[in-house]
Every structure is written in structure tokens, then in C-alpha cells.
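Visitor: With the input below, show me the fold.
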Amino acid sequence: MSEERDYLKIEIPVEEEESPFVPEQPGPTALRTGADAVKKQAASAAKQAWDSDLRKKATKGMKRGAAAVAGTVAAKSQKVVQERVVKAAEDQARQQTEAIKTKIRETDWQHEAKQGTANGLRWLSAQLSKLAERFNPKEETNESN
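Guide: As a prediction, this is how the structure comes out:
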């Protein structure tokens, strides 16, 4: 019992290549033509306005005004910075002066004078001892006699 299967064969013929779909270009219409004319007029008016002497004078005036404002701002900011630096230096000098005044007031000058005198006398004593040794050398003891 063998079953034979019959297969159906379908052939599709190859057709000639078709060109790709290209939408139709609409031709010029009255609306489009009018829009183009308005566009050209607007461009022309803009170009005339840009090239006008009035625009050039206004631009020049704005540039001068901006430069003047920038110069004024720069001068003012430089002045403010200089004033801040001077003020900071004055404050620092004032604080140092106050610190020195406070130290002078709080110092016990009597104690400082006594201590300085004592240290000076010790140094003088040491120097005089060295000088005395030079004039009066130590005598050697003669144990062999």
C-alpha cells in the first residue's frame, strides 16, 4: 500500500520591471504663483530695509551705545574692585594695629625689664669669666714634687 502524492506545481511568470511610483507634480496654480510673488516681494522689501541708511545709522548708534555702556560698566566695576581691595587692606592694617596695641597694654613691662636685665648680666658674667681666664691661667698642680 503505497500512497503516492501528487504535488501541484504553480508557475508565476516574470513580468517586466515596472518603474517606481512617482507622484505627479502639480503644475503651477494661481495660488502658488501668487504665493511666490508675495515671497519675492517680501524678500525684496527685507533686502531694501537691510541695505537702507536708516538701518545702518541705527546699528551704528546701537554699537556706540553698547560700547559706551560696556566702558562705563567696566570702569565702575574696576572702581568697585579697587575700593574693595583698599578697604580690605585698611581693615587688615587696622586689625594688626589693634592687635599690637592690645599686646603692648597686656605686657608686664616690669617683668620683661627684669628678665632682660638678668639675661644681660648672665651673658656679661660669662664673658668676664672668659676674659679672666685669659689673664689668669689655671695653675697646674705639680704632684711629682
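Visitor: Next, the buried residues of the lowest-mean-pLDDT helix or strand in the chain.
Guide: Ranked by mean pLDDT, DSSP states H and E, the weakest helix or strand in the chain is helix 30-51, scoring a mean of 80. The neighbour-count criterion (16 or more other C-beta atoms under 10 Å) identifies no buried residues in helix 30-51. (Glycine included, C-beta is placed from N, CA and C.)
Visitor: Show the subsequent helix or strand relative to it.
Guide: helix 53-106 (DSSP states H and E).
Visitor: chain center to that next one: distance?
Guide: Using C-alpha atoms, centre = their mean, to the nearest Å, the distance from the centre of helix 53-106 to the centre of the chain it belongs to is 18 Å.
Visitor: now the least confident helix or strand of the chain and helix 53-106, what's the angle there?
Guide: Taking axes from the mean of the first three to the mean of the last three C-alpha atoms, to 10 degrees, helix 30-51 and helix 53-106 form an angle of 50 degrees between their directions.
Visitor: Check which helices and strands helix 30-51 sits against.
Guide: If you count contacts as 3 or more C-beta pairs under 8 Å, 6 or more residues apart in numbering; DSSP states H and E, helix 30-51 packs onto no helix or strand.
Visitor: Much appreciated, bye for now.
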